[in-house]
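Enquirer: output the structure for:
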Amino acid sequence: LYNPYGGLTGGASGGAVRGPQPLRFPKAPELLFHEEATVRRKTWSESLTFCTGAGYLGGTAVGGMIGAAQGLKGPGPELPGGVAKLRLNFLLNKTASHGKGFGNALGTLGLLYAGLDSLINYSTEDRLGDDVNSTLAAAAAAAIYRSGAGPRSAVIGAAVGGAFAATFHGAQYAFKKSNI
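Expert: Purely as a prediction, here's the structure:
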């Protein structure tokens, strides 16, 4: 008969327990297919999902905190000071309204950024490098997002988006150089 516990020590097999065995973690990621090891960046769908989700989640959290801070200041003189239910309702309404607005805005920016990043990477056949590619995608995403408010706003958005991405990549480079 087959004993599934035959090679194990201790417990059901009746052998002596030799003490705890240390966990051995792999040094490299375990991949199902060997072709995945040569890919050095996320696919467009992984990037799209990550950037949109992270943008929405981060925007909702930041917007919720801003709304909660405004809600804690109180509704103002139009409500009597002792109405706890109205103050709580005011706090929750401010938190929810700011949270969903910020979440939708950053989720949309993440969606635009991921799509444009993949498009630029595909069209240039990855000749620009990740830093330049990412900075161009951030500038273009901000310009498209702000284009509804006019061309001046789109140019300012592109400058802010590009500067944000360039600053991020500069900080990332400095962090790698400092070996922290």
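Enquirer: tell me the confidence at the residue nearest the centre of the chain?
Expert: What sits nearest the mean C-alpha location of the chain, by Cα atoms, centre = their mean, is residue 54, with 3.0 Å. pLDDT recorded at residue 54 is 94.
Enquirer: list the contacts for it?
Expert: Each residue near residue 54 by Cβ atoms under 8 Å, 6 or more residues apart in numbering is listed here: residue 110. The C-beta positions use only the backbone N, C-alpha and C, and glycine is treated the same way.
Enquirer: before we move on, what about the one 3 residues further on?
Expert: For residue 57, the contact set (Cβ under 8 Å, 6+ apart) comprises residue 103.
Enquirer: that one: which element?
Expert: helix 44-73 (DSSP states H and E).
Enquirer: one more: residue 153?
Expert: helix 151-178.
Enquirer: one step back: now the helix holding residue 57: buried residues?
Expert: Buried positions in helix 44-73, judged by neighbour count with 16 or more other Cβ atoms under 10 Å: 47-48, 51-52, 55-56, 59-60, 63-64, 66-68, 71.
Enquirer: could you do stretch 144-163 as well?
Expert: Those would be 144-146, 154, 157-158, 161-162, for stretch 144-163 by 16+ other Cβ under 10 Å.
Enquirer: of these, closest to residue 93?
Expert: residue 145 (26.3 Å; Cβ to Cβ).
Enquirer: now do the closest one, the pLDDT please.
Expert: Residue 145 is given a pLDDT of 94.
Enquirer: could you export the buried residues of stretch 144-163 as JSON lines, including distance to residue 119?
Expert: Formatted as JSON lines, the buried residues of stretch 144-163 follow (distance: Cβ to Cβ, whole Å):
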{"residue": "144", "distance to residue 119": "12"}
{"residue": "145", "distance to residue 119": "16"}
{"residue": "146", "distance to residue 119": "19"}
{"residue": "154", "distance to residue 119": "18"}
{"residue": "157", "distance to residue 119": "18"}
{"residue": "158", "distance to residue 119": "16"}
{"residue": "161", "distance to residue 119": "16"}
{"residue": "162", "distance to residue 119": "16"}
